[in-house]
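1. Okay, structure incoming, though there's no sequence with it:
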């Protein structure tokens with residue numbers, strides 16, 4: 001049987017290791033600043049989906065982490081129009097959508113969110129309606145960054 005002294009040492013040793021982990025382990029995340037509150041998404045990628053305000057059709061963009069930058073890897077849309085990329089090396093039809101490789105890096109994204117266009121984040125296992133986190137036409141600041149574990153604990157998790 002373990003003495004009280006040994007149990008105490010085990011407790012403090014494990015507590016110290018956990019405390020060090022919280023303050024020194026870094027995680028790669030997507031951060032979403034919404035109404036001065038920060039939320040984190042720990043996934044490796046996400047899809048941004050919305051209803052185009054003019055065409056009234058779904059658009060989907062796929063983002064991945066590239067260090068501390070957002071990498072727009074591909075986009076899906078149903079109709080061509082002003083502002084639509086036209087010089088992709090790989091374009092194909094997929095389930096009624098035109099899919100294009102994009103591969104553009106952005107240091108960050110400032111996104112105006114609205115229930116009208118149903119701005120939504122899609123991850124591997126869920127849909128996150130960004131418009132339910134804020135008022136219509138509010139700005140959401142998105143970036144890829146490396147944070148400490150304690151920041152994830154204090155911030156909200158999407």
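-> Sure, I can see it. Because the structure is a prediction, the values reported are computed rather than measured.
2. CA atoms for contacts and neighbours, from now on please.
-> Noted.
3. And the helices in this protein, which stretches?
-> Assigned by DSSP state H, the chain shows helices spanning 4-24, 149-154.
4. Which among those helices is found nearest to residue 61?
-> Proximity to residue 61, assessed across the helices of the chain by Cα to Cα, is greatest for helix 149-154 (25.2 Å).
5. who's in contact with that closest one?
-> 21, 22, 23, 24, 25, 26, 27, 40 (Cα atoms under 8 Å, 6 or more residues apart in numbering).
6. before we move on, the earlier item: ranking the helices of the chain by mean pLDDT, which is last?
-> In terms of mean pLDDT, the lowest-scoring of the helices of the chain is helix 4-24 (a mean of 75).
7. Output the contacting helices and strands for that one.
-> With contacts taken as 3 or more Cα pairs under 8 Å, 6 or more residues apart in numbering; DSSP states H and E, helix 4-24 sits against strand 138-148, helix 149-154.
8. Pull out the buried positions in it.
-> Neighbour counts over helix 4-24 (16 or more other Cα atoms under 10 Å) mark residue 22 as buried.
9. now swap in stretch 96-112 and tell me
-> Within stretch 96-112, the residues scored as buried using 16+ other Cα under 10 Å are 97, 98, 99, 100, 101, 102, 103, 105, 108.
10. Look at the residue most central in space within the chain and report its pLDDT.
-> Taking Cα atoms, centre = their mean as the criterion, residue 30 is the residue nearest the geometric centre of the chain, at 4.2 Å. What the model reports as pLDDT for residue 30 is 96.
11. That concludes my questions; thank you for your assistance.
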